[in-house]
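*Asks:* please find the sequence and the predicted model below.
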Amino acid sequence: MKSRHPAPLNALRAFEAAARCLSFQGAAAQLFVTPAAVSHQVKHLEAYLGCKLFHRGHRSVELTPEGATLAASLGEVFGQLDLALDRAMAPTVADLRVSTVESFAAKWLAPRLHRFHRDHPELRLRIETGNERSDFARDGTDVAIRYGAGGYTGVDAERLLEAPVFPVCAPTLRDDLAPPLAKPDDLRHHTLLHDESALGRAGVPDWPAWLKACGATRVDASRGPVFASIYLAQEAAVAGHGVALGVAPLVEEDLQRGRLIQPFEHVLPNAYAFWIVRRTGSERHPSADAFCAWLRKEASDTAARLGRE
C-alpha cells in the first residue's frame, strides 16, 4: 500500500483559505492569524511542492494554474474533513442537513415532518433554505430539494413532485358580498398576486399564460403586486388579498384545511418540478437514504390526493 504524503496541513489550510478569498488578509481573518503568518505558510507550501501557487501583486494575489488546480481539490477535501469532524464530535445524535427552497419548506415539508420524527426519533434534521446550487462538500448538505427544470450536472437528481399550477384564493373571495368568480374573465374585478419564480422562466406558468389558456381576454394580467417567492404570494392569497397562482404541492395543505379554494378547474402543466438532489460518486449516508425514502412516500401520497381532487 502506498504511504500517505507527510503533507503540511497547516500550510494547506492557509493556502485553501487564501485561494478562496484571493487575499492573505481575508484568509488571516478566517483563520484567526496574521496575514504574515498566512504568507509564511503559503511560501512553506510552495517550497514543499516546488512550484508557485500565487502571483503576488502590490495589493492582490492571483492563483497560478498549479494553484488553481490544487485549490479546486482542497476545497472539497477540507469540506469533507470538516463534515467528518462535526459528525465525530456528536456521535450520539445523527444530524442530517437538508437544503430546500423556502416555499417547499414552509408549505409542504414542515406540515409533514412530525411523521418523519415519529419514525426516526434518532435523527435530528437541520433545515436550511435557498435555491442556489448546493456545494455538498463545503456546506455539509446531505440532501437538497430544488425547484427547477432539471438538467442538474455533477449530482444525482431525482424528480420528486410535479408542480402543476392553478388559481387559488381565500373562501371569502367567493362570498355573496364579493365580486363573482364564476368564470376566468371575472378576475378583472380581483387583485392578481404574482410571484417572481414564474417571471421570465420558460414553461413556468404565469398569469398571462394561464389567462390565455383559458381564453380570458378581459383581464389585465399585469395588475397586482409581485412577491419574492411563491410562499409569500400564496400567504397573501390565504389572507384574502387577492388571487394567486398556486403550485399544486404547495397549496395542498391549505386546500384540505379550507384556507384556500380553487375557483376554476383549469390547470396548467409546469416545466419546473421539485427534485431530490444529492452528491454523486460518494458513499451513501444511511440517514439521508432514510429521509429520501420518506420523501418519496410522502410525495406519492400527495400526488394521489391531488389526483383525486
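*Replies:* In hand now; what should we look at?

*Asks:* so where is the stretch 151-300 of the chain shaky, pLDDT-wise?
*Replies:* Residue ranges of the stretch 151-300 of the chain with pLDDT under 70: 281-284.

*Asks:* where along it do the helices fall?
*Replies:* 207-214, 230-238, 248-256, 286-308 (DSSP state H, counting those that start in this stretch).

*Asks:* check those helices for me and report the most buried one.
*Replies:* Across these, averaging neighbours per residue (mean count of other CB atoms under 10 Å) puts helix 230-238 on top, at a mean of 23. C-betas here are computed from N, CA, C, even on glycine.

*Asks:* which outside residues touch it?
*Replies:* 102-103, 106-107, 168-170, 193-195, 197, 225, 227, 242-247, 250-251, 254, 259-260 (CB atoms under 8 Å, 6 or more residues apart in numbering).

*Asks:* for ChimeraX, what selects the buried ones among the residues you listed?
*Replies:* In ChimeraX syntax, the buried subset of the contacts of helix 230-238 is picked out as below (16 or more other CB atoms under 10 Å):
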select :103,106,107,168,169,170,193,194,195,197,227,242,243,244,245,246,247,250,251,254,259,260
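
*Asks:* just the strands in this structure please.
*Replies:* Assigned strands in the chain, in chain order: 54-56, 61-63, 94-100, 123-129, 143-148, 155-162, 165-168, 192-195, 226-227, 243-247, 273-279 (criterion: DSSP state E).

*Asks:* any idea which of those gets closest to residue 298?
*Replies:* With distances scored as CB to CB, the stretch of those nearest to residue 298 is strand 155-162 (9.2 Å).

*Asks:* neighbouring strands of the closest one in the sheet, and parallel or not?
*Replies:* Applying DSSP bridges, strand 155-162 is found paired with strand 273-279 (antiparallel).

*Asks:* any idea how far residue 124 lies from residue 143?
*Replies:* Separation of residue 124 from residue 143 (CB to CB, to the nearest Å): 14 Å.

*Asks:* more neighbours: the two, which one.
*Replies:* Using other CB atoms under 10 Å as the criterion, residue 124 and residue 143 rank with residue 143 on top: 23 against 14.

*Asks:* give the contact list for the more buried one.
*Replies:* 96, 97, 98, 99, 276, 277, 278, 288, 291, 292, 295.

*Asks:* hmm, the fourth one is touching residue 144, no?
*Replies:* By that I understand residue 99. Yes: shown here, residue 99 and residue 144 form a contact pair, counting by CB atoms under 8 Å, at 4.5 Å.

*Asks:* ok so, going back, if I look at residue 124 and residue 143, which residues touch both of them?
*Replies:* With CB under 8 Å, 6+ apart, residue 124 and residue 143 have common neighbours residue 96.

*Asks:* and the pLDDT at residue 121?
*Replies:* pLDDT recorded at residue 121 is 87.

*Asks:* could you dump the strands of the chain into CSV with distance to residue 115 added?
*Replies:* Listed next are these as CSV, based on distance: least, CB to CB, whole Å:
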stretch, distance to residue 115
strand 54-56, 52
strand 61-63, 48
strand 94-100, 15
strand 123-129, 12
strand 143-148, 16
strand 155-162, 16
strand 165-168, 25
strand 192-195, 28
strand 226-227, 29
strand 243-247, 22
strand 273-279, 17
